[in-house]
Structures are given as structure tokens and as C-alpha cells.
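A.B. asks: have a look; sequence and predicted model below, questions after that.
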Amino acid sequence: MNTYLLIKWSHILSSVLLVGTGFGTAFYLYFANRSRNVAAQAVVSRLVVRADWWFTTPAAIYQPISGLWMAHMAGWPLNTTWIAASLGLYILSGALWLPVVKMQLDMARIAEEASRKGATELPPRYWQLARRWEWCGYPAFVSMLVTYGLMVFKPA
């Protein structure tokens with residue numbers, strides 16, 4: 001079996017897992033928040049955190065490893081325009097994602113506590129975090145989409 005193609009296959013699968021899980025969990029938490037149903041927000045925010053630890057984090061770690069490995073095997077220098085731009089965007093996404101992880105942990109804790117107490121609405125701190133969570137998510141997601149384009153089209 002061709003090692004390069006095996007790495008490429010796993011790189012593609014992990015990128016789908018990374019972006020798909022990120023988009024899917026963001027979709028559910030976004031709409032759970034709009035429901036204003038504290039119990040739903042508690043469950044969904046807890047599961048978003050779990051999905052990030054189980055799926056997003058391992059894929060986020062594997063992506064640069066497999067990408068750099070393939071670039072090395074193919075003989076592409078890291079200063080190749082599309083590789084350098086992809087790495088820069090990946091770093092940007094990561095810089096936005098790391099605070100999001102902390103926000104999600106805090107949101108899950110706040111929602112769980114409110115749900116356990118039978119609250120009918122979440123405190124202002126939850127909503128502050130939810131707004132920041134969304135505003136970090138938009139540019140992170142767009143940068144990942146642009147990175148996909150760079151990897152597929154490999155512009156000079």
C-alpha cells in the first residue's frame with residue numbers, strides 16, 4: 001500500500017471529523033441557545049464539550065502532523081504559498097478555538113447548575129460567553145473553509 005495515499009486518506013477523514021464535528025456541535029448549541037430551554041442548553045453544551053474532547057481535539061492534533069508529513073513526502077517546501085497560507089489559517093483557527101474550549105466548559109457548567117436548580121433562564125454570564133463563543137466561531141470556520149480551498153486548489 002502507498003504510504004502517502006494512506007496518510008492523505010487519514011488526513012482527509014480527520015479534516016472532515018474536525019470541521020464536521022465543529023460545525024455540527026456549533027449548529028446544535030446555537031439553536032439550543034435560541035430555544036431558551038435551560039435543560040436543553042445544559043444537555044447540548046455538555047455534549048458539545050464531550051464532542052470537542054473526543055473528536056475535535058484528536059483531529060486538530062493529527063491535521064498538522066499528517067499535513068506536514070505529506071508535504072515532506074511530496075517534497076513541497078513549507079514556504080510554498082498554499083502551504084504557508086494553510087498553516088497560517090490553521091494557527092488562526094486554533095487561536096480562536098482554544099478560548100472557545102474554555103468558554104464551552106464555562107457555559108456547560110453554568111447551564112448545568114441552572115438546570116439543576118430548576119432555573120427558567122440562564123444568567124447574563126452565560127449569554128456573554130455565548131456571544132463571544134459565536135464571534136470566535138465565525139472566523140475560525142471561514143478560515144477552515146479557505147484552508148480546504150487552498151489544499152484542494154493549491155494556488156501558486
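C.D. replies: Yep, it's here. What you see is a predicted model, and the numbers here were worked out from it, not measured in a lab.

A.B. asks: with adjacent residues omitted, what lies nearest to the spatially most central residue of the chain?
C.D. replies: Among the residues of the chain, the one closest to the centroid is Gly22, at 4.1 Å (Cα atoms, centre = their mean). Excluding the flanking residues, the one nearest Gly22 by Cβ to Cβ, 6 or more residues apart in numbering is Thr56, at 5.8 Å. Just so you know, the C-beta spots here come from the backbone N, C-alpha and C atoms, and that holds for glycine as well.

A.B. asks: and the helices in the chain, which stretches?
C.D. replies: 3-35, 38-51, 57-74, 81-116, 124-153 (DSSP state H).

A.B. asks: return the most buried member of those.
C.D. replies: Sort the helices of the chain by mean neighbour count, taking mean count of other Cβ atoms under 10 Å, and helix 38-51 sits at the top with a mean of 20.

A.B. asks: for it, packing partners?
C.D. replies: helix 3-35, helix 81-116 (3 or more Cβ pairs under 8 Å, 6 or more residues apart in numbering; DSSP states H and E).

A.B. asks: mind redoing it with 10 Å?
C.D. replies: Applying 3 or more Cβ pairs under 10 Å, 6 or more residues apart in numbering; DSSP states H and E, we find helix 38-51 packed against helix 3-35, helix 81-116, helix 124-153.

A.B. asks: I'm done for today, thanks for sticking with me.
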